[in-house]
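# Got a predicted model here, sequence first, then my questions.
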Amino acid sequence: MPAELGGSQLSSLLEALPGIASVLRSPVADALVKAIRGAAGIGEFAAEDAEELVRYAVRRGLVGQEEGDRVLAEVSAALKGKRKPARGAKPKVMKRSTKRKARR
């Protein structure tokens, strides 16, 4: 069984090894950032992100397992119904000739 690091041990490790914080970043933190960006319309939010957040909430006792399952079912249904817009053909724009006729 892997040993868990305590708060002070983790702080010491983060101070001793610069840059390790980005490697040890929590999947919950990533999911939260994606949720915030998705809510603002500047990023994508995937079902995996919702699952990570719901698992965290259930582990912490913030929501019950049944409620978590309901939320995940709603999110899954909503994301399946949400399709990326199809890219149609772009309208052709007449370009002006960049060459100018010589004036006489």
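Perfect, thanks for sending it.
# worst-scoring helix or strand of the chain, pLDDT-wise?
Among the helices and strands of the chain, helix 20-23 carries the lowest confidence by mean pLDDT, DSSP states H and E, at a mean of 66.
# following that helix, which helix or strand shows up next?
Remark: after helix 20-23, the chain's next helix or strand is helix 27-40, criterion DSSP states H and E.
# Would you tell me which helix is longest in the chain?
Within the chain, and with DSSP state H defining each element, the longest helix by residue count is helix 65-81.
# packing partners for that one?
Contact analysis of helix 65-81 by 3 or more CB pairs under 8 Å, 6 or more residues apart in numbering; DSSP states H and E lists helix 47-59 as its packing neighbours. Glycine gets a C-beta too; all of them are placed from N, C-alpha and C.
# in the helix it packs on, what counts as buried?
Within helix 47-59, the residues that count as buried by 16 or more other CB atoms under 10 Å are 49-54, 56-58.
# Three-state assignment for the residue nearest to R37 when sequence neighbours are not counted, please.
Setting aside the residues directly before and after it, R37 is nearest to G43 in space (CB to CB, 6 or more residues apart in numbering), at 2.8 Å. Of the three states, G43 takes coil under DSSP: H, G, I helix; E, B strand; the rest coil.
# where's G43 relative to S8, distance?
Summarising the geometry, the distance separating G43 from S8, computed by CB to CB, to the nearest Å, is 34 Å.
# Of these two, give the one with the bigger neighbour count.
Neighbours of G43 and S8, each counted by other CB atoms under 10 Å, are more numerous for G43; the result is 13 against 8.
# Now do the contacts for that one.
Taking CB atoms under 8 Å, 6 or more residues apart in numbering as the contact definition, G43 lies against 34, 36-37.
# Give me the phi and psi angles of it.
With angles defined as degrees, to the nearest 10, G43 shows backbone torsions of phi -160, psi 170.
# Quick check: the gap between it and S12.
Summarising the geometry, the distance separating G43 from S12, computed by CB to CB, is 34 Å.
# likewise R25?
Distance check for R25 against S12: by CB to CB, it reads 18 Å.
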